[in-house]
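J.: here is a sequence with its predicted model. Questions after.
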Amino acid sequence: MILESPQGWKDYELVDSGNFEKLERFGNIYTIRPEPKALWDKDMSEKEWDKLAHTIFSAGAGFGKSGKEDSGQWRKLKKVPDQWIINYSKGDLNFGLRLGLTAFKHVGVFPEQAPNWDFIFSNVKRISLKNREQNRDIPKVLNLFAYTGAASLSAKCAGADVTHLDSVRQVVTWAKNNMEISRLDNIRWVVEDALKFVKREVKRGNKYQGVILDPPAYGHGPDGEKWKLDELLFEMICEVAKIVEPKNSFLVLNLYSNGYSSLLSKTIVNSAFNKMGIDVSHDAQFGELFLLDSFGKSLPLSVFTRLKLL
């Protein structure tokens, strides 16, 4: 099992965590947000947190120990813009992200996902090189449940033909803005129910050399379609297995729902591809993504399974 956290990211830092909260730095802006997985004590005092923080998110009743993610509001402790830009830069992997204070504590990026962005970038580069040797087109990558598009930008930075799909139009608009900030172009934008879209791609016979999934526990498609992770995840991966090229391709499945393990995600992926007659048991990486605060405390936030098919 692999344990990974962001490395060398100048525009992000988990400063401290504990007592069901986390103190983070995004560029020059410090935020305090609820974090139900931070079961331990803080290392810094409340006074030290407040001195650093520009803004704090106050959730509705029921957050904290229950893990319920209610809406709430931001309280500004210092002058802070409602929107600002940070960068992710590692050599040729370089893009910008517009952040903002939303009503559900999120700011527009999940920082622990940075190792997945690195994996996507390096594998698109690998596949592109092989494609050129075989006189094939640039690799096609599909990003499902794509949110504000950091994974899409990672694939685009590496030269992929990217399709970005999310069921929320406002989020897709946000992702498009991130593409423009990053001085990239030609990402295909789709506002659609993810499972519906994948089933249609199966019928059309379309194939991708990269598929990325970061599904929520619950959700709704643009036409009211219901998404429930427990009920639909295996079906989704079975359909995805039909559109992933069996060779010279990759898959990233990220899960952040409480109660899901990396071994479970690996078993789901293995089983889905086995139904297609493809043995991926030796091609799968699985593990956890976490953030390490400045006092050495590890905050686990999601589990993943990644395939690197040669």
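T.: Okay, I see it.
J.: how about residue 202, secondary structure?
T.: For residue 202, the secondary structure call by DSSP: H, G, I helix; E, B strand; the rest coil comes out as helix.
J.: what's the burial count for the spatially closest residue to it that is not a sequence neighbour?
T.: Of all residues not flanking residue 202 in the chain, residue 242 sits nearest, at 4.8 Å (Cβ to Cβ, 6 or more residues apart in numbering). For the C-beta atoms, the positions are set from N, CA and C on the backbone; glycine is no exception. Using other Cβ atoms under 10 Å, the number of residues around residue 242 comes to 18.
J.: what of residue 211?
T.: The number of residues packed near residue 211 is 26, by other Cβ under 10 Å.
J.: could I get the average pLDDT for the helix or strand harbouring it?
T.: Assigned by DSSP states H and E, residue 211 belongs to strand 210-213. Strand 210-213 shows a mean pLDDT of 98.
J.: what's it packed up against?
T.: Of the remaining helices and strands, those touching strand 210-213 by 3 or more Cβ pairs under 8 Å, 6 or more residues apart in numbering; DSSP states H and E are helix 114-133, strand 140-144, helix 150-157, helix 229-241, strand 249-255.
J.: of all these, which one comes closest to residue 292?
T.: Smallest distance to residue 292 across those (Cβ to Cβ): 12.0 Å, for helix 114-133.
J.: let me see the ranges of the strands in the stretch 1-150 of the chain.
T.: For the stretch 1-150 of the chain, the strands defined by DSSP state E, counting those that start in this stretch occupy 2-4, 12-18, 21-26, 29-34, 55-59, 72-76, 83-90, 93-100, 140-144.
J.: so where do the strands sit in the stretch 151-300 of the chain?
T.: Using DSSP E, counting those that start in this stretch, strands in the stretch 151-300 of the chain cover 161-166, 188-191, 210-213, 218-220, 226-228, 249-255, 284-292, 298-309.
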